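Visitor: Below is the sequence, then the predicted model.
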Amino acid sequence: MNSTFTLNDLKNAIPKIGKGHPFLPDRKWLDENLEEKLNRIIIELNDKGWSFSSIQSYNEWQEKVIPAIKMSTPDWLVHFVILEKIEKELQEFYIPNTAFEISKMDALIEQCKSWKKENPTVWVLHTDIKSFFKNIDYRILTDSLELELSPEVFVILKQYLKANLVFTEATKKKGLGIGAELNYLLASIYLWPSDHAIFHSDKVIHYARYVDDILIFCQGEKECRAVQKMVELELKKIGLELNFSKTKIQRAEENILFLRQEL
């Protein structure tokens with residue numbers, strides 16, 4: 001597989017800069033000597049010498065509760081290139097396995113509303129992963145990706161992850177910041193083993209997850225409680241746990257609040 005970084009990779013990433021992100025980079029960087037700047041980035045990427053040194057903690061969001069990513073414009077460009085490379089290299093492995101996780105939140109909510117309406121007599125387990133991004137383990141994540149990605153992409157990805165660790169739990173090698181699309185993809189990849197164990201359980205009749213918010217339909221209350229135990233065990237294998245204060249088992253016919261929407 002040829003994963004050499006090209007000038008076109010960077011040029012294709014430029015329109016994505018500053019769109020849909022609360023942490024906007026400086027677009028003025030793009031105004032002068034752009035071709036020369038992009039060529040310098042390509043040389044560093046292909047020499048595996050790129051450093052995400054400008055990733056830093058950005059705590060002005062959500063009352064300074066959650067660390068988030070703020071990057072320079074060059075780092076954002078490389079971020080989008082790495083994101084696209086990973087998606088392309090994993091598409092055969094990842095894309096067919098996402099029936100339980102629709103990337104667009106509105107579509108997932110509508111799907112769950114439909115399920116609730118058509119199956120009012122079943123039971124529902126609604127739960128949340130406690131401090132999800134903060135507790136993603138660097139070693140577990142990189143081990144799962146090393147065999148799937150080309151060496152060129154994997155090296156740059158590791159450098160990106162190490163830069164993330166600067167403002168999370170670097171000594172424990174845990175944690176991802178929020179605010180970067182790549183981190184949401186990596187977080188989803190991290191949950192693949194748990195996702196598939198839950199999705200294929202004979203006690204589960206429908207499974208929906210959006211980032212750390214989980215909704216599971218089961219035939220009855222007993223099945224929901226058994227599935228909750230299974231979810232706890234699966235998450236424990238990868239260093240995660242449920243947020244029990246946000247865990248609820250109820251009938252589907254009752255009001256359900258999922259992703260801040262009433263189903």
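Guide: Alright, I've got the coordinates.
Visitor: Check which helix or strand the spatially closest residue to Gln261 that is not a sequence neighbour maps to.
Guide: Among residues not flanking Gln261 along the chain, Ile109 sits closest, at 5.0 Å (Cβ to Cβ, 6 or more residues apart in numbering). Any C-beta I mention is one placed from the backbone N, CA and C, and that applies to glycine too. Element membership for Ile109 (DSSP states H and E) is helix 105-118.
Visitor: next helix or strand past that helix?
Guide: Following helix 105-118 toward the C-terminus (DSSP H and E): strand 123-128.
Visitor: what are the ranges of the strands in this protein?
Guide: Counting by DSSP state E, the chain has strands at residues 56-57, 69-70, 123-128, 204-210, 213-218, 248-251, 257-258, 261-262.
Visitor: Sheet partners, orientation included, of the longest one?
Guide: For strand 204-210, sheet partners with direction are given as strand 213-218 (antiparallel), following DSSP bridges.
Visitor: for the residue nearest to Gln261, what are its contacts?
Guide: By Cβ atoms under 8 Å, 6 or more residues apart in numbering, Ile109 lies in contact with 258-259, 261, 263.
Visitor: so how far is Val211 from the residue lying closest to Ala226 once chain neighbours are set aside?
Guide: Spatial nearest neighbour of Ala226, excluding adjacent residues (Cβ to Cβ, 6+ apart): Lys203 at 5.6 Å. According to Cβ to Cβ, to the nearest Å, Lys203 stands 23 Å off from Val211.
Visitor: do the same with Asn33
Guide: Separation of Asn33 from Val211 (Cβ to Cβ): 39 Å.
Visitor: neighbour count winner among these two?
Guide: Between Asn33 and Val211, counted using other Cβ atoms under 10 Å, the more crowded position is Val211 (17 against 11).
Visitor: From what I see, the more buried one and Phe132 are in contact.
Guide: Yes - taking contacts as Cβ atoms under 8 Å, Val211 lies within contact range of Phe132: 7.0 Å.
Visitor: list the residues that contact both of these two?
Guide: Ala187.
Visitor: Low-confidence stretches in the stretch 51-200 of the chain?
Guide: 54, 56-68, 92-103, 167 (pLDDT under 70).
Visitor: neighbours around the residue lying closest to Ser194 once chain neighbours are set aside, how many?
Guide: In space, and not counting its chain neighbours, Ser194 is closest to Glu234: 4.0 Å by Cβ to Cβ, 6+ apart. Neighbour count of Glu234, defined by other Cβ under 10 Å: 18.
Visitor: who's in contact with Glu234?
Guide: 193-194, 197-198.
Visitor: just the buried members of these?
Guide: 194, 198 (16 or more other Cβ atoms under 10 Å).
Visitor: In JSON lines, list the contacts of Glu234 along with distance to Lys116.
Guide: Shown next, in JSON lines, are those (distance: Cβ to Cβ, whole Å):
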{"residue": "Pro193", "distance to Lys116": "28"}
{"residue": "Ser194", "distance to Lys116": "23"}
{"residue": "Ala197", "distance to Lys116": "24"}
{"residue": "Ile198", "distance to Lys116": "19"}
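Visitor: Of the contacts of Glu234, just say which sits nearest to Leu242.
Guide: Closest to Leu242 out of these is Ser194 (11.1 Å), distances taken as Cβ to Cβ.
Visitor: which ones are touching that closest one?
Guide: By Cβ under 8 Å, 6+ apart, Ser194 lies in contact with 231, 234-235, 237-238, 240.
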